[in-house]
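[1] A structural model of the following input is requested.
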Amino acid sequence: MSLLELDSVTVRFGVGARAVVAMRDVSFSVEAGETLGLVGESGSGKSTAASVALGLRSPNSGEVLFEGERLRRRRAAGRMQAVLQHPVWALNPRMTVAASIAEPLQVQTRGRTRVRERVQEMLESVALDDALATRRPHELSGGQRQRVAIARALITRPRFIVFDEAVSALDVSVQAQILQLLRRLQQEHGFGALFITHDMAVVRYIADSICVMRSGEVVESATLEAFVADPQHPYSRTLLEEQ
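    Residues are numbered from 1 along each chain as shown. Alright, predicted model coming up:
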């Protein structure tokens, strides 16, 4: 049984003759402990697919299953998280690092001591110094802010995480550090991941399998090894040639 599954999902924006189809009959699955790389050009439907996978948008047709059951956002709260391209979108500029990391967990528990302990664990897990706990986002580097965003996402022990262009705003050297961190954290925590990116080099490093979208449709889906060895769709071959 897959951790997350989209089955023939279609999403339309608007109604009637002016309706725009953002996703058409899209199917893919994410396994526990593995990463699915979702790639495609801007406007291909990747971000819409992420919203559907997180239960933030309901499909017009098709089904979304999480842990074998129809996805209900309220039931999945805490077990699904997201890490975005720009961590400042998720971090309140007025809150300290510790408060930002703690916020998702405070919804679930009132035990202040346990929350503090978990924040400490999360800082250590993403290799951030304790001294940063009292700082605010503007006092951190881009890589440090992204580590805080990752710690914030992990504090509820989610089963599934969407990484939406999570390293594209970082310098190449920092990208490599964050990608190494994500691989280690996945091995330690066993979460399934949907990694959205336009960068094939990133996909080849982080993903176990790949799903290629174009104009709202899936044009190819394969294990990473099979995809790199023998891409089937012309657009897939173009992606590999351009990397």
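
[2] contacts, neighbours, all on C-alpha from now
    Noted.

[3] any idea how far the most centrally placed residue in the chain is from Leu71?
    Nearest residue to the geometric centre of the chain (CA atoms, centre = their mean): Val162, 1.6 Å. Separation of Val162 from Leu71 (CA to CA, to the nearest Å) stands at 15 Å.

[4] which residues in this protein form helices?
    Using DSSP state H, the helices of the chain run over residues 46-53, 73-76, 97-106, 112-125, 142-154, 172-189, 200-206, 224-229, 234-242.

[5] just the buried residues of the first one, please?
    Of the residues in helix 46-53, those buried by neighbour count under the rule 16 or more other CA atoms under 10 Å are Lys46, Ser47, Thr48, Ala49, Ala50, Val52, Ala53.

[6] okay if I get those as CSV plus pLDDT and distance to Val126?
    What follows is the buried residues of helix 46-53, written out as CSV (pLDDT from 0 to 100; distance: CA to CA, whole Å):
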residue, pLDDT, distance to Val126
Lys46, 94, 27
Ser47, 92, 26
Thr48, 95, 28
Ala49, 96, 27
Ala50, 94, 24
Val52, 96, 28
Ala53, 95, 25
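
[7] can you lay out the residues you listed as TSV showing distance to Gln187?
    Supplementary listing: the buried residues of helix 46-53 in TSV, determined by distance: CA to CA, whole Å:
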residue	distance to Gln187
Lys46	25
Ser47	26
Thr48	28
Ala49	25
Ala50	22
Val52	26
Ala53	22
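
[8] rewinding a little: nearest to Ser29, of the helices of the chain?
    In terms of CA to CA, the element of the helices of the chain nearest to Ser29 is helix 46-53, at 9.9 Å.

[9] can you pull out the residues in contact with that closest one?
    By CA atoms under 8 Å, 6 or more residues apart in numbering, the list of residues contacting helix 46-53 from outside reads 4, 6, 22-23, 38-40, 57-59, 64, 162, 164, 194, 196, 213, 216.

[10] ditto for stretch 113-126
    The contact list for stretch 113-126, computed with CA under 8 Å, 6+ apart, reads 98, 101-102, 105-106, 109, 129-130, 147-148, 150-152, 154-155, 181, 185.

[11] one more: stretch 31-40?
    Residues external to stretch 31-40 that are found in contact with it (CA under 8 Å, 6+ apart): 2-4, 29-30, 46, 159-160, 186-187, 189-200, 203, 206-214.

[12] what do you get if the cut-off is 7 Å, keeping everything else the same?
    The contact list for stretch 31-40, computed with CA atoms under 7 Å, 6 or more residues apart in numbering, reads 2-4, 30, 46, 186-187, 190-198, 203, 207-214.

[13] buried members of these into ChimeraX, please.
    Buried residues within the contacts of stretch 31-40, as defined by 16+ other CA under 10 Å, are selected in ChimeraX through the command that follows:
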select :3,4,30,46,186,190,191,192,193,194,195,196,197,198,203,207,208,209,210,211,212,213,214
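
[14] which ones are touching Ser8?
    Listed by CA under 7 Å, 6+ apart, the contact set of Ser8 reads Asp25, Val26, Ser27, Gly62, Glu63.
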